[in-house]
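Chemist: predicted model follows, preceded by the sequence.
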Amino acid sequence: MATRWTLWITLALAVTRSSADLGLGYFDRIPCPFPKGQCVADPSPVAALAAVNGPLPFNVTLKYAQDLLQEAIMVEHSTIPLYLTALYSIPKSDVHSKNGSTYAADTIHSVVVEEMLHMTIAANVLNAVGGEPLIDSPHFVPKFPLQLPLTNVSVGIRAFDMLSIQNFMLVESTTALAKSIGEAYEYVLSLLKALCEEYGEANVFTGNYSHQLHAEAMGETAPKVGSLRDAAKALLGVSEQGGGCPVPGKEQLWPNVSNISAGPLGGHLSHFARFSEVAAGRRYRSNDTADGGPTGERIDTNWTAVYSFRPNPKIADFPEGSIARNMTLAFASTYTSLLVKLHNVFNGAPETYDATIGSMMELATMAKTLMTTPDPNENTNGVGVGYGIGPTWEYMHTASLFDARNGKARPIIPITMDPKGSPCPLFRGNSKR
């Protein structure tokens, strides 16, 4: 008989699935060079590939693996605006109050930091196998609400509330109708393993090692990748940190059956488990399980002390020339500029990583200013009673260098970093390790 916690998860999934047409999202658009049954979207594709007689074709297989890794970078990035928006919507005064949302804010913050490391790992693996991460691109930026690539979860930009936390749990878990990020990484690794066995590892891992980034944050590391072993350790570590580790004795069922551990990358609890603590209002005990939910000490969360705004805000919501329009344009332009900097980091300028992450602080300030500015489209008396303006995570061609690079990832166009900007002390990047 299902536990109360399992039943709660089932009901949450049902609510989420009914809100949208749940296909395979962006993943469907990647052409698969293999017969039906052997592609990542098919049931048990790893087993199907293992049963193939003869070698996989080198060029098309490697290209498919590279395309999947590019999509994985998009997946890791797609979660960041969702999590950051919820974090920004919790007032700093509430975070530091006795019965406020300190634990929730710290939880979301820790997951955001690790998602940046996950994005770095995916980019490092793509670089390692000769690919070129394309981050400054109109196709890279998600349109909210979205069906998260590689999953069947429909999520949108919204302020911190119970629904946002439930959505975050679904993002970090495996749904019955979808492929988890863990399954996608497992499939990519099976492709790379087959190529290495047939054609030699030196012919697969041909990328420029200096384009990769060794990044550190909160005592955790996104390492450089030079071999199949490195790639497997890094990508499977990402999967475990998000959804949980294999259950002893049921390893063959992973990632569909997982425990609450974050695994070797660090963080103690998986992202799913951390968000489930916030949702349940309790900490996990050492003998608790993902199926049973947390039963430990209570967690205080103030669900009402939040900067509210209409979900999924758009620049087009506001008339041209209005203050609200100009503010949302400025936020979107700053966000796009940050993506340009990240694009350069992963395509030949890893030494600029620290300063690039430090520039995220500007986004935080702009987001809070938006949320504390009354939405002119709402007939209320201001923020706290009605709605503020939400952050607009939109791609702006005017702030991009995509066209200047002729739509290609490389060569990059160097950017002069603001000498007044200070690196974020939380992150540290090293291109020489």
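Modeler: Sure, I can see it.

Chemist: going forward, measure contacts between C-alpha atoms and count neighbours the same way
Modeler: Will do.

Chemist: how about the most centrally placed residue in the chain: what's its closest non-neighbour residue?
Modeler: Residue closest to the average C-alpha location in the chain (CA atoms, centre = their mean): Glu76, at 2.7 Å. In space, Glu76 comes closest to Met119 once its chain neighbours are excluded; the distance is 5.3 Å by CA to CA, 6 or more residues apart in numbering.

Chemist: buried stuff in the strand or helix carrying that neighbour?
Modeler: Met119 belongs to helix 102-128 when assigned by DSSP states H and E. Within helix 102-128, the residues that count as buried by 16 or more other CA atoms under 10 Å are 102-105, 107-128.

Chemist: again with stretch 128-141
Modeler: For stretch 128-141, by 16+ other CA under 10 Å, it's 128-138, 140-141.

Chemist: need the residues you listed in a markdown table (columns: secondary structure and pLDDT).
Modeler: Output for these, formatted as a markdown table (DSSP: H, G, I helix; E, B strand; the rest coil; pLDDT from 0 to 100):
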| residue | secondary structure | pLDDT |
| --- | --- | --- |
| Ala128 | helix | 98 |
| Val129 | coil | 98 |
| Gly130 | coil | 98 |
| Gly131 | coil | 98 |
| Glu132 | coil | 98 |
| Pro133 | coil | 98 |
| Leu134 | coil | 98 |
| Ile135 | coil | 98 |
| Asp136 | coil | 98 |
| Ser137 | coil | 98 |
| Pro138 | coil | 96 |
| Phe140 | coil | 95 |
| Val141 | coil | 94 |
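
Chemist: if you count contacts, what does the helix ranked longest in the chain end up packed against?
Modeler: The longest helix of the chain (DSSP state H) is helix 58-88. With contacts taken as 3 or more CA pairs under 8 Å, 6 or more residues apart in numbering; DSSP states H and E, helix 58-88 sits against helix 102-128, helix 162-171, helix 181-199, helix 360-371.

Chemist: what about 6 Å?
Modeler: Helices and strands touching helix 58-88, by 3 or more CA pairs under 6 Å, 6 or more residues apart in numbering; DSSP states H and E, are helix 102-128.

Chemist: from the chain's centre, how far out does the helix it packs on sit?
Modeler: 7 Å (CA atoms, centre = their mean, to the nearest Å).

Chemist: then stretch 84-97?
Modeler: The answer for stretch 84-97 is 20 Å, by CA atoms, centre = their mean.

Chemist: buried stuff in that stretch?
Modeler: Here stretch 84-97 shows Leu84, Thr85, Ala86, Leu87, Tyr88, Ser89, Ile90, Pro91, Lys92, Asp94, Val95 as buried, counting by 16+ other CA under 10 Å.
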